[in-house]
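need a structure here:
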Amino acid sequence: MPLLISQFKSPIGVLNLIADEQILLGLNLSSVKALKDSVDEIDYAKGFKEVSKISVVSDLLSDYFAGDINALNGISVRQPGAQFSQAAWKAMRKVKAGKTISYADLADRAGSKAAVRAAGSACAKNAIALVVPCHRIVKTGGSLGNYAYGLNKKEWLLRHEGAL
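Numbering: from 1, shown residues only. As a prediction, the model looks like this:
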């Protein structure tokens, strides 16, 4: 079965989505090409099919933007990456909506207190923005840090979730 590609109009822009049935493999605000490039070879070989909506995923995104800030927890995800990145992404998913943690906290939760730069790198390499909530990771001291899609979007998401 081919991977499903869809777009979702949101308050922060058009979200590009790619999924293997109901497992989200990528979400970005940049391009479908970047999504396709982020999947592993086995998934890529399945081919692609554009659809208007991805069952479950699109509905949960609608719920999130309508105010159910915990709706994203219901979306299953999978992305390729090194062991530390996988641990960091898993730790990110445990940061509750409305909360933030520092890059140092993320490194610690991912199993290596000293790997702060690697934690930042895991945020930068995250192919499933929003659902793997790298926007909830901030600098020590509380300043927002970076966000691939612009600090205005990170700030909007954190305000939507009640963290700011």
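
Please tell me I have it right and Ala91 contacts Arg109.
Yes. In this structure, Ala91 is within contact of Arg109 by CB atoms under 8 Å, at 3.9 Å. For every residue, glycine as well, the C-beta is placed using N, CA and C.

Between these two, point out the one with more neighbours.
Neighbour count, other CB atoms under 10 Å: between Ala91 and Arg109, Ala91 has more, with 21 against 18.

what does the model give that one for pLDDT?
pLDDT, the model's per-residue confidence, is 98 for Ala91.

what helix or strand is it on?
If you go by DSSP states H and E, Ala91 is part of helix 83-93.

Would you mind listing the buried residues in that helix?
For helix 83-93, burial by neighbour count (16 or more other CB atoms under 10 Å) applies to 84-85, 87-89, 91-93.

And the closest residue to Gly142 other than its chain neighbours, how far from Glu161?
The spatial neighbour of Gly142 that comes closest, neighbours along the chain excluded (CB to CB, 6 or more residues apart in numbering), is Thr100 at 7.6 Å. Going from Thr100 to Glu161 by CB to CB, to the nearest Å gives 9 Å.

Find residues that contact each of these two.
Residues touching both Thr100 and Glu161 by CB atoms under 8 Å, 6 or more residues apart in numbering: Arg136.

which stretches of this protein form strands?
3-10, 13-20, 23-28, 48-50, 76-77, 101-102, 137-138 (DSSP state E).

just the ones you listed: most buried one?
strand 137-138 (a mean of 24; mean count of other CB atoms under 10 Å).

hang on, the earlier thing: out of the buried residues of helix 83-93, which is nearest to Glu50?
Distance to Glu50 across the buried residues of helix 83-93 (CB to CB) is lowest for Trp89, with 26.3 Å.

The closest one and Gly81 touch, don't they?
Yes. With contact defined as CB under 8 Å, Trp89 and Gly81 form a contacting pair (7.0 Å).
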